[in-house]
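In: Sequence and predicted structure, then a few things I'm wondering about:
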Amino acid sequence: MQQPSPSLSRPGPSRRFSVAPMMDWSDRHYRYFARLISQHALLYTEMVTTGAVLHGDRARFLGYSPEEQPLALQLGGSNAQELAQCARLAEDAGYAEVNLNVGCPSDRVQNNLIGACLMGHPQLVADAVKAIRDACSIPVTVKHRIGINGRDSYEQLVDFVGQVHEAGCDTFIVHARIAILEGLSPKENRDIPPLRYEVVHQLKADFPQMEIILNGGLTDLDVMQEHLHGLDGVMVGREAYHNPYLLAEVDQRFYADEAPVRSRIEVLEALRPYIAAHLAQGGIMHHVTRHILGLFQGLPGARHFRRQLSTEIHRTDQPLALYDQLVTQMAERTQPQDCPL
Ligand SMILES: Cc1cc2nc3c(=O)[nH]c(=O)nc-3n(C[C@H](O)[C@H](O)[C@H](O)COP(=O)(O)O)c2cc1C
């Protein structure tokens, strides 16, 4: 078992293991589901722009279920005053952390000076961090890349992190590849630039007082625990979405919590009242269950589960009955193999 890292004694939530912000994926329904599997993983919202928070449907953009905590709000923006206003609203809404997105490479956000392009403007990010710090008392963190094309040397990374740290940010979540701002789609930018974990380890070695969280391409819990020998935490995106039961071992491995782990079937049973409440409010079951398709990944019946919830669900007017039937079927198919750990 790992020794607790210094990050455990820092104020705010523990970031030893977190689930990444993912637009359209890490919405409140996914987060509620993920929380049924791990009690401790820190969860991040999808990115919400300052414009959406300040001028849009605030309940929609900031709303969450209390069960999702510990929960961090990720903001997209670069106007210090607007970010400060949003951070205050985030604190009032009970979020455990405000995170600033300096990693997203999409053209759409670049035009608004949001995301990875901000790595070319360290002073702007520093001003934003200072304004957020002054506006609220919850921690502010920054999620960024190791560089962007044209600004990808280690010295430039250190300059960015140094300026932002000076402004009051102690925690950096580093996606360990550069972003290429022209010519690659956001999806390609998550796969094509090579992963360089050694750069992130170097950053921690050079700035041991900072909390440095590693992100990018992590799929194996053993490998993640190895990274914790140098780093303060890991953040997992796609694997936690496509293979959510990965989260079942997180509490024991990363938080030394020996509490019993829910089996997959128990997760489905625990999710049922949430789905029923969602339906009772006029919601659509698929909006919840689209996030759980990978729950049985690698087990007998995984395809059946996925197919029922992605196809059959649209053909029935009794979605909850289909869900109940499916839970019974999956219990029969998987019970002998479905031992939690
Ligand atoms: C569908 C999708 C949406 C994403 N949306 C965001 C986002 O809103 N904000 C952000 O900082 N990163 C976003 N990312 C990037 C992830 O947070 C993460 O940095 C990236 O996927 C690398 O981690 P992974 O290899 O563990 O998936 C998104 C990734 C995916 C797959």
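Out: Cool, got the structure. Numbering: from 1, shown residues only.

In: The closest residue to the ligand within the stretch 151-300 of the chain and residue 45: what is the separation?
Out: Here the residue of the stretch 151-300 of the chain nearest the ligand is residue 237; by CB to the nearest ligand atom that distance is 2.7 Å. Every C-beta, even on glycine, is put in place using the N, C-alpha and C of the backbone. When distance is defined by CB to CB, to the nearest Å, residue 237 is 13 Å away from residue 45.

In: Who has more neighbours out of the two?
Out: residue 45 (24 against 21; other CB atoms under 10 Å).

In: Which of the helices or strands spans the more buried one?
Out: If you go by DSSP states H and E, residue 45 is part of strand 42-49.

In: what does residue 306 give?
Out: Going by DSSP H and E, residue 306 is part of helix 302-310.

In: What is that helix packed up against?
Out: Helix 302-310 sits against helix 319-334, with contacts defined as 3 or more CB pairs under 8 Å, 6 or more residues apart in numbering; DSSP states H and E.

In: angle of the helix it packs on against helix 302-310?
Out: 180 degrees (axes from the mean of the first three to the mean of the last three CA atoms, to 10 degrees).

In: Just the buried positions in helix 319-334, please.
Out: 319, 322-323, 326-327, 330-331, 333-334 (16 or more other CB atoms under 10 Å).

In: May I see those residues organised as JSON lines, with pLDDT added?
Out: Below are the buried residues of helix 319-334 laid out as JSON lines (pLDDT from 0 to 100):
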{"residue": "319", "pLDDT": "95"}
{"residue": "322", "pLDDT": "97"}
{"residue": "323", "pLDDT": "98"}
{"residue": "326", "pLDDT": "98"}
{"residue": "327", "pLDDT": "98"}
{"residue": "330", "pLDDT": "97"}
{"residue": "331", "pLDDT": "96"}
{"residue": "333", "pLDDT": "89"}
{"residue": "334", "pLDDT": "80"}
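
In: ok, so of those, who is nearest residue 50?
Out: Among these, residue 319 lies closest to residue 50 (CB to CB), at 36.1 Å.

In: got the contact list for the closest one?
Out: Applying CB atoms under 8 Å, 6 or more residues apart in numbering, we find residue 319 in contact with 279, 285-286, 313.

In: cool, residue 294 as well?
Out: 241-245, 306.

In: Please confirm that it is located within a strand.
Out: No. Residue 294 is assigned coil when assessed by DSSP: H, G, I helix; E, B strand; the rest coil, not a strand.

In: got the phi/psi numbers for the residue nearest to it when sequence neighbours are not counted?
Out: Take residue 294 and drop its neighbours on the chain: the residue closest to it by CB to CB, 6 or more residues apart in numbering is residue 242, 4.7 Å away. With angles defined as degrees, to the nearest 10, residue 242 sits at phi -80, psi -30.

In: For the stretch 1-150 of the chain, which segments count as helices?
Out: Using DSSP state H, counting those that start in this stretch, the helices of the stretch 1-150 of the chain run over residues 28-37, 50-55, 58-62, 80-93, 107-110, 122-135.
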